[in-house]
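In: Quick one, what's the 3D model for this:
(4 chains)
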Number of protein chains: 2
Amino acid sequence: MATIADVAKRAGLSRATVSRVLNNHPNVTEDKKRLVREAMESLKYVPNTTAQRLRNQRTDTIAILVPVLTNPFFAYLLEAMDMVATKNHLQLLICQTRYSKQKEMDFLELLRTKQVDGLILTSYENEWKKIEPYSAFGPMVLCNEYERNTKVPIIRMDQFEASYIGTRHLIEQGHIRIACTCGDKSNLAKDRQAGYRKALVEAGISVQEDWIFSNVFDIEDGKRVLRTIMNLKEAPTAVFTGSDQVAAGMIMAAKALGKNVPDDIAIIGFDDQPIARVVEPALTTIRQPIEELGKTAMEVMIDFIAFKKEVNHQEILLPYDLVIRDSTMSKLKSISI
Amino acid sequence: MATIADVAKRAGLSRATVSRVLNNHPNVTEDKKRLVREAMESLKYVPNTTAQRLRNQRTDTIAILVPVLTNPFFAYLLEAMDMVATKNHLQLLICQTRYSKQKEMDFLELLRTKQVDGLILTSYENEWKKIEPYSAFGPMVLCNEYERNTKVPIIRMDQFEASYIGTRHLIEQGHIRIACTCGDKSNLAKDRQAGYRKALVEAGISVQEDWIFSNVFDIEDGKRVLRTIMNLKEAPTAVFTGSDQVAAGMIMAAKALGKNVPDDIAIIGFDDQPIARVVEPALTTIRQPIEELGKTAMEVMIDFIAFKKEVNHQEILLPYDLVIRDSTMSKLKSISI
DNA sequence: TTGTAAGCGTTATCAT
DNA sequence: ATGATAACGCTTACAA
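Out: Numbering: from 1, shown residues only, chains lettered A, B, ... in the order given. Below is the predicted model of the structure:
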């Protein structure tokens, strides 16, 4: 590979001058610029990024922590981030924590040891007080996942309000026996549960604690919980899930039991993933602005590293959307209207 | 950040010695090793990877070209590659071509300009003769996609045989009017089509050229093609698709038309993605060994870059699996048996 | 066994 | 406006 020295020699100039045209510095005559450009051309010169990084003390790399790549929600989020990053000559280092606290801590070390220029968390496993200190070592952004009382900027959707609206939709369909599968300890899950509770309380419905399920994430979990629910004496007639995957699994299990969705059990998903339109009946769900979430988070990150913008706390709330389909709309009822 | 010089000073030794213990060189006394380790510990020293890369003339980065991250097939493939890469201290640079020839060429440049140590293609848009020359610039591996007459190693599934088996399954269910949606120009698609043709010919069924559809990739495409098919006079009674996404779309469209799957139209998918078990009826499909594919491709790559193994051509064929579910098995028939 | 010193390819500082 | 030169942090001949 040709180096800057080769170009300099060919152009009859110094490495410094070549470097100047490379970086669009002022104070280079058009004449020399042309000379340099020609030399680069003929040598097919491409700057060595590793050398640039060493010299500039940058890595041009942003670490993105996700639980798994194969969860469509995170795949779409990554895709959106990637588009902005690529446009800004930044590489993405995709870090799959696989829900492991240890792996998460290892990846956070990337920031302390300056192996990346910044780090975006889309979800986290450890306690926040173990994570936050790392924000002192470099730019850190929280995207999707939520945390109160932190200086770290947050780009997220209002899970509380979205869940409230989703649950209220169920209530409006006449349901009063409503289960939920968002009983986890993450702030995101807590917000969802709070929204669910608010809708119930507001409607004068008392909350049944044993109808709030935890650790329900994928299709299999959804199947399992639905079977549990249907076995309850005086079973719920509706479920507010935290994921389209879970909701899809529930629909499958309900059918296997010969139950009708939504007449025997109404189900509402979350995310509006492609699967929501594939299952039968199609899922009523809460659309998350995934592209906007990823795009905005990366833009905030770039503001930090490129323009050294102050890391003054900011929280950007992006809008949700209630998408009404068939899994909550009884045909019996719509006929009777 | 502490540098190797800081460690050396603290340990009262030279940078060379520190470097030696860092790289597990022999000929360092246990005494000095301990000294160095203690110094590293107390300074929380971490080697600067950028400097190592510059000095070693390596990037420790492998580029993986995929069409899009959000296609589950590629997400699973990437995940498998990532596991092997991480274990070997290699970074993955995920390059989304978004089906653009230009982007693909740009990403190939990464190999020529030594910005990555190797490159894995999982699919490609340009003609092979435009791509192959890049294999002279560094290790290149083909995974999933197929090419005859090349020195580039290939890790793939036998699409021809798998498609033959899949189509034969349809024939065994009594179908003789079978459409297919694998009319594309990639070698992978050509192989699938060839397998489809072989099964038909072998059964004495003549191939209807206008029942072979091209450019059918996602759920929407599947819906569209199914509607086209059902409008044909003397419509096909079965479809061999090239993707679970397409097959799922077809099922949705068939239902919307009031058609029964598999009785009015039998459908077979490809890949065995999660969606195959979610649609109703569940998809009969051909399981691809995605994890094995990704894992093996990365291992072959590592053999090249770590052990400088000869790039003598090799083709590794991984086994497929016909997974029989409901979208091809008529209940009428099984009762009559 | 350990140390010295050159060099990987850039860029920025300081002269000129 | 241009050039010489010293870093950036590491590894590896070569010397001792």
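
In: And what about the nearest residue to A:Val36 once chain neighbours are set aside, helix, strand or coil?
Out: In space, and not counting its chain neighbours, A:Val36 is closest to A:Val21: 4.6 Å by CB to CB, 6 or more residues apart in numbering or on different chains. For every residue, glycine as well, the C-beta is placed using N, CA and C. Classification of A:Val21 using DSSP: H, G, I helix; E, B strand; the rest coil returns helix.

In: Number of residues surrounding A:Val21?
Out: Neighbour count of A:Val21, defined by other CB atoms under 10 Å in any protein chain shown: 20.

In: again with the one 10 residues further on
Out: Per other CB under 10 Å, the neighbour tally for A:Asp31 reads 8.

In: circling back to that earlier point, the residue nearest to A:Val36 against A:Lys33, yeah?
Out: Yes: using CB atoms under 8 Å as the test, A:Val21 is close enough to A:Lys33 to be in contact (5.1 Å).

In: how far away is A:Ile212 from A:Pro47?
Out: According to CB to CB, to the nearest Å, A:Ile212 and A:Pro47 sit 57 Å apart.

In: And A:Gln96, by the same measure?
Out: 31 Å.

In: A:Thr296 too?
Out: 31 Å.

In: do the same with A:Leu92
Out: A:Leu92 sits 21 Å away from A:Pro47, going by CB to CB.

In: Which helix or strand contains A:Asp106?
Out: Secondary structure assigned from DSSP states H and E places A:Asp106 in helix A:101-112.

In: which strands and helices sit next to that helix?
Out: strand A:61-66, strand A:91-96, strand A:118-121, helix A:128-131 (3 or more CB pairs under 8 Å, 6 or more residues apart in numbering or on different chains; DSSP states H and E).

In: To B:Tyr320, which of these lies closest?
Out: strand A:91-96 (26.7 Å; CB to CB).

In: can you give me the offset of that closest one from its chain's centre?
Out: 13 Å (CA atoms, centre = their mean, to the nearest Å).

In: and A:Arg224, helix, strand or coil?
Out: Three-state assignment for A:Arg224 (three-state DSSP): helix.

In: From A:Phe213, how far out is it?
Out: On the measure of CB to CB, A:Arg224 and A:Phe213 end up 9 Å apart.

In: And these two? Which one has more around it.
Out: A count of neighbours by other CB under 10 Å puts A:Phe213 above the other of A:Arg224 and A:Phe213, at 21 against 16.

In: how much space between the nearest residue to the more buried one once chain neighbours are set aside and A:Gly242?
Out: Of all residues not flanking A:Phe213 in the chain, A:Thr181 sits nearest, at 4.5 Å (CB to CB, 6+ apart). Noted for A:Thr181: a distance of 6 Å to A:Gly242, by CB to CB.

In: residues shared between the contacts of these two?
Out: Listed as contacting both A:Thr181 and A:Gly242 by CB atoms under 8 Å, 6 or more residues apart in numbering or on different chains are A:Val216.

In: Have a look at the two and say which one is more surrounded.
Out: A:Thr181 (30 against 27).

In: What residues does chain A have near DNA strand C?
Out: Where chain A comes near DNA strand C, counting by CB under 7 Å from any atom of the strand, the residues are A:1, A:3-5, A:15-16, A:19, A:22-23, A:45-48, A:51-52, A:54-56.

In: do that again at 10 Å, thanks
Out: A:1-8, A:14-23, A:25, A:27, A:40, A:45-57 (CB under 10 Å from any atom of the strand).

In: Can you say which of these are buried?
Out: A:2, A:4, A:6-8, A:17-22, A:40, A:45, A:47-50, A:52-54 (16 or more other CB atoms under 10 Å in any protein chain shown).

In: Please work out the average pLDDT along the longest helix anywhere in chain A.
Out: Longest helix in chain A, counting residues (DSSP state H): helix A:290-307. Averaged across helix A:290-307, the pLDDT comes to 94.

In: That one near DNA strand D anywhere?
Out: No: using CB under 10 Å from any atom of the strand, helix A:290-307 stays clear of DNA strand D, with a minimum separation of 17.8 Å.

In: List the buried residues in that helix.
Out: Using 16+ other CB under 10 Å as the test for burial, helix A:290-307 gives A:290, A:293-298, A:300-305.

In: what's the helix or strand just after it in contact with?
Out: For helix A:290-307, the following helix or strand on the C-terminal side (DSSP H and E) is strand A:315-318. With CB under 8 Å, 6+ apart as the test, strand A:315-318 has contacts from A:153-158, A:289, A:292-293, A:296, A:300.

In: Let's see that with 7 Å instead.
Out: Defining contact as CB atoms under 7 Å, 6 or more residues apart in numbering or on different chains, one finds that strand A:315-318 is touched by A:154-158, A:289, A:292-293, A:296.

In: where in the stretch 201-337 of chain A is pLDDT low?
Out: A:308-312, A:332-337 (pLDDT under 70).

In: where do the helices sit along it?
Out: Using DSSP state H, counting those that start in this stretch, the helices found in the stretch 201-337 of chain A span residues A:219-231, A:244-256, A:290-307, A:331-336.

In: To B:Ile171, which of these lies closest?
Out: Per CB to CB, nearest to B:Ile171 of those: helix A:244-256, 29.4 Å.

In: What is the burial count for A:Ala256?
Out: A:Ala256: 12 neighbours (other CB under 10 Å).

In: now the one 5 residues further on
Out: A count of nearby residues for A:Val261, using other CB under 10 Å, gives 24.

In: Ok, the one 10 residues further on next?
Out: Applying other CB under 10 Å, we find 23 other residues in the vicinity of A:Asp271.

In: likewise A:Gly12?
Out: A:Gly12: 11 neighbours (other CB under 10 Å).

In: One more: A:Ser206?
Out: For A:Ser206, the neighbour count with other CB under 10 Å is 8.

In: Quick check: closest non-adjacent residue to it.
Out: Closest to A:Ser206 by CB to CB, 6+ apart is A:Leu200, at 7.4 Å.

In: For the helix or strand hosting that neighbour, which outside residues touch it?
Out: Here A:Leu200 sits within helix A:187-202, counting by DSSP H and E. Applying CB under 7 Å, 6+ apart, the contact partners of helix A:187-202 are A:145-147, A:159-164, A:167-168, A:171, A:178, A:180, A:182-183, A:207, A:212, A:240, A:242.

In: Out of these, which sit inside strands?
Out: Per DSSP state E, strands hold the following members of the contacts of helix A:187-202: A:178, A:180, A:240.

In: Just the local confidence number for the first one, please.
Out: Residue-level confidence at A:Ile178 comes out at 97, pLDDT.

In: one step back: with DNA strand D as the reference, measure out to the residue nearest to A:Phe213.
Out: Look at A:Thr181 and DNA strand D: by CB to the nearest atom of the strand, to the nearest Å, they are 48 Å apart.

In: wait, what's in contact with that residue?
Out: So A:Thr181 contacts A:213, A:216, A:225, A:239, A:241-242, A:246 (CB under 7 Å, 6+ apart).

In: nearest to DNA strand D, of those residues?
Out: Comparing those against DNA strand D with CB to the nearest atom of the strand places A:Gly242 closest, at 44.3 Å.

In: I figured that closest one hits A:Phe270, correct?
Out: Yes: between A:Gly242 and A:Phe270 a contact is recorded at 5.1 Å, counting by CB atoms under 7 Å.

In: circling back to that earlier point, so does the longest helix of chain A get close to chain B?
Out: No: judged by CB under 7 Å from any CB of the partner chain, helix A:290-307 stays clear of chain B, getting no closer than 10.0 Å.

In: for the helices of the stretch 201-337 of chain A, which one sits closest to A:Asp264?
Out: helix A:244-256 (7.0 Å).

In: what does the closest one contact?
Out: Taking CB under 7 Å, 6+ apart as the rule, helix A:244-256 contacts A:181, A:216-223, A:225-227, A:239, A:241, A:261, A:264-265, A:267-273, A:275-276, A:279, A:283, A:285, A:327, B:278, B:280.

In: how close does the residue of chain A found nearest DNA strand D sit to A:Val21?
Out: Nearest residue of chain A to DNA strand D (CB to the nearest atom of the strand) works out as A:Asn27 at 2.5 Å. Separation of A:Asn27 from A:Val21 (CB to CB) stands at 11 Å.
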